[in-house]
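>>> Take this sequence and fold it.
(chains A and B)
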Amino acid sequence: MEQHIRQALLAAAPDLFGAPIHESLIQFQQTRRDMEGDLTLVVFPFVKILRCSPQEAGAKLKHWIETHIESVSHCNVVSGFLNIVFTNTYWLEQLNQMQDQPNYGFAPADSKPTVMVEYASPNTNKPLHLGHLRNIFLGASVAEILRAVGHKVVRTQVINDRGIHICKSMLAWEKFSPVNARGERETPANTGLKGDKLVGKYYVEFDRALQIEAKAIMAQWQSGNFSDTPTAIEEAVLNFEKAKEGKDDKAVAALDDKIKELAKNQTQILQEAKQMLVKWEARDPQVYLLWTTMNGWVYAGFDQTYAQMGVSFDKLYYESDTFLLGKDQVMEGIKSDVFYQKPDGSVWIDLTAEGLDEKLVLRSDGTAVYMTQDIGTAIDRFKDFPDLHGMVYTVGNEQDYHFKVLFLILQKLGYAWANNCFHLSYGMVDLPSGKMKSREGTVVDADDLMAEVIEKAKEMTQERGHLEGLDNTAREQLFTQIGLGGLKYYLLKVDPKKRMLFNPEESIDLTGNTGPFLQYAHARISTLLEKAAYSITPLSLTTPMRPEEKEIIKQLAQFGATLEEAAKGYSPALLANYSYELVKLYNTFYQSVKIVIEPDAAVRQFRLALSAKVRQVLAQALGLLGVEAPQRM
RNA sequence: GGUCCCGUAGCUCAGUUGGAUAGAGCAACUGCCUUCUAAGCAGUAGGUCUUUGGUUCGAAUCCAAACGGGAUCACCA
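Residues are numbered from 1 along each chain as shown, chains lettered A, B, ... in the order given. The predicted model follows:
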């Protein structure tokens, strides 16, 4: 409709304004809720052309639109704003058209190019936590949204399955795991622990042992005993100690941290872990077997968590396969002068012209760094999926700089698709007690949290839900839907790039702007339609319409545009807010009129049709957020 | 210190091509179930949009600076 009026105005411009006008002068906006009108045209831009007051310009436009646009009932001008009111017939036609589209708002499948969406990307040394939940819900939702606007989507994750952190867990397990009567160390099978939890436990064990050892070394240093310490380290420690004199508390703490780092590096246990990594890289059979076994435990645990979360992947990449990639590209890049080599053999890229720093892309010993690997992996993915058009990396905003550099490098290497790569950067999740820190044990475990919200949903639903006639399986399923729906909605309704506060108590709230609020509306409409034995019929275009009803049709009409915006901005939050608005409008309507028990048949059918469409759009929107829409609750 | 992100009601957040009197939810208070699910609805109260300057008919929104919070600046990943 907006487009229609715009075109008509452009075509009529010579008559109306005496000259053609530029499209940008025609500015539409939503009419304020407290004004009469369905669409508002800003009059001010026309004032200069017409050389008259805003009142006169408004009157002229009002007259022209009222006489030339058929769907317009009437207009009114208020202080430079032309509020246009469409006819009821127009809105009923809109609703009729929506009724005919079961996938209303969605674009045809595979009408847009293939996009790869990466999310989750965990380390295999510890369980998933709250931060992963935001990442995974966000990535999974964006993947669904991109699919809904027509993209073919490949969902993927990179599993960070190698490196010193894994060796720490492995070593601690070998050193500290108790041996049972049958001579076995702890396994998921003989302890009943989830694999990722068991491995995570030994990662913590490692850190504990490391801290004890490091403290002992620092105590020695304090007492002036450097007999076990290389002279270079001894000098460094003494220098830091000297630098502390006369500094404020903050600077002293920073120096103490540096000394502690040195002490940790001197510990026996860290040396052993490093040796283990060397052995792993040399494919030592024993170390490799241990690595395979323990990672296997972790994957089994992760699979369980992903299943509970309701997310999945189309293609997995393992860092142990990809960490050597990218070296060839770097060598190629030296030839084409994208990179340069320093005398020690290390390879760099100079990005100072772009306002960034110099960045290392290959170590002097020829081994790959994180960046090397990401360059290689990106190129590899475009080989794996020849029709791939772009990629979305769901990674926390602490990596903003890394991805800026990565995309720039890919561009300089001459890959046109580098422009279609996007870092879906999201803010950290804080707790009321502050930042999550694994060292301080303030990490919120993903499994525990999900179990907790489901349990809470169970209590609340048993208290006030409508469960009669549901068997136990159906009930458990409903509690899960409500608990996880609430959690997902809570994490997704906030603009991804903003740092957010996670309040465990609010995440399982049921009232206000929450998942269960939306789910409740869906369930309520479902039973309503069931009671009315509703089926779709074309609506009479003369059905009387209340303002609340028109507001709902207007909001429904915005669905497609909102979905497009959400896809363009990679923001599920837009859909969350849209759904919330829709439900609020619907609830107002629901409380003010009769629906099933409405005596007038045409009005009844119209209200049912409206309800049915709200339910369907709501289910679609919630689905894109990964939130399930129960039939009753 | 350089670079990037953020700052809106007591709290959590909306506010997307600059536009009318800046909106929700939570918390507080008042009403509404003998009519379809009250996990709901209607209402009261709560604001220097961090500050200052600039751009313009018009700024929460754009620009600059300051202040506050965070991230990042490794031959770690």
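
>>> how much space between the residue nearest the centre of chain A and RNA strand B?
In chain A, the residue lying closest to the centroid (Cα atoms, centre = their mean) is A:L138, at 1.8 Å. Using Cβ to the nearest atom of the strand, to the nearest Å, we find A:L138 at a distance of 12 Å from RNA strand B. Yep, even glycine has a C-beta here, placed from its N, CA and C like the rest.

>>> hang on, that residue packs against A:Y426?
Yes: between A:L138 and A:Y426 a contact is recorded at 5.8 Å, counting by Cβ atoms under 8 Å.

>>> Which neighbours do those two have in common?
Counting by Cβ atoms under 8 Å, 6 or more residues apart in numbering, the contacts common to A:L138 and A:Y426 are A:394, A:496.

>>> Name the SS class of A:L424, please.
Secondary structure for A:L424, judged by DSSP: H, G, I helix; E, B strand; the rest coil, is strand.

>>> Report pLDDT for it.
As predicted, A:L424 sits at a pLDDT of 96.

>>> Beta-bridge partners for it, please?
When assigned by DSSP bridges, A:L424 has beta-bridge partners A:T394.

>>> how deep is it tucked in, by neighbour count?
A:L424: 23 surrounding residues under other Cβ atoms under 10 Å.

>>> so it makes contact with A:V395?
Yes: counting by Cβ under 8 Å, A:V395 is a contact partner of A:L424 at 7.3 Å.

>>> and the residue in the stretch 51-200 of chain A that RNA strand B sits nearest to, what does it touch?
Closest residue of the stretch 51-200 of chain A to RNA strand B, Cβ to the nearest atom of the strand: A:F81 (3.5 Å). Listed by Cβ under 8 Å, 6+ apart, the contact partners of A:F81 are A:35, A:40-43, A:58.

>>> So in terms of bridging, what pairs with it?
Beta-bridge pairing for A:F81 (DSSP bridges): A:V42, A:V78.

>>> Show the contacting residues for the residue nearest to the centre of chain A.
Contacts of A:L138 by Cβ under 8 Å, 6+ apart are A:119, A:394, A:424, A:426, A:491-492, A:496, A:572.

>>> give me that answer again for 7 Å
By Cβ atoms under 7 Å, 6 or more residues apart in numbering, the contact set of A:L138 is A:119, A:394, A:424, A:426, A:492, A:496, A:572.

>>> and it, that's in a helix?
Yes: under three-state DSSP, A:L138 falls within a helix.

>>> thinking again about what came up before, out of the contacts of A:F81, which is nearest to A:I334?
Nearest to A:I334, judged by Cβ to Cβ, of the contacts of A:F81 is A:V42 at 56.0 Å.

>>> Give me the distance between the helix or strand harbouring A:V47 and the centre of its chain.
Assigned by DSSP states H and E, A:V47 belongs to helix A:44-50. Averaged C-alpha coordinates place helix A:44-50 at 43 Å from its chain's average position (Cα atoms, centre = their mean, to the nearest Å).

>>> Return the residues of the stretch 101-250 of chain A in contact with RNA strand B.
A:123, A:160, A:163-164 (Cβ under 7 Å from any atom of the strand).

>>> The stretch 501-633 of chain A: helices as residue ranges?
Remark: helices assigned in the stretch 501-633 of chain A by DSSP state H, counting those that start in this stretch are A:504-507, A:515-532, A:547-557, A:559-568, A:572-592, A:601-624.

>>> need the ones you listed in TSV with mean pLDDT, can you?
As requested, the helices of the stretch 501-633 of chain A are exported to TSV (pLDDT from 0 to 100):
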stretch	mean pLDDT
helix A:504-507	78
helix A:515-532	96
helix A:547-557	95
helix A:559-568	95
helix A:572-592	96
helix A:601-624	97
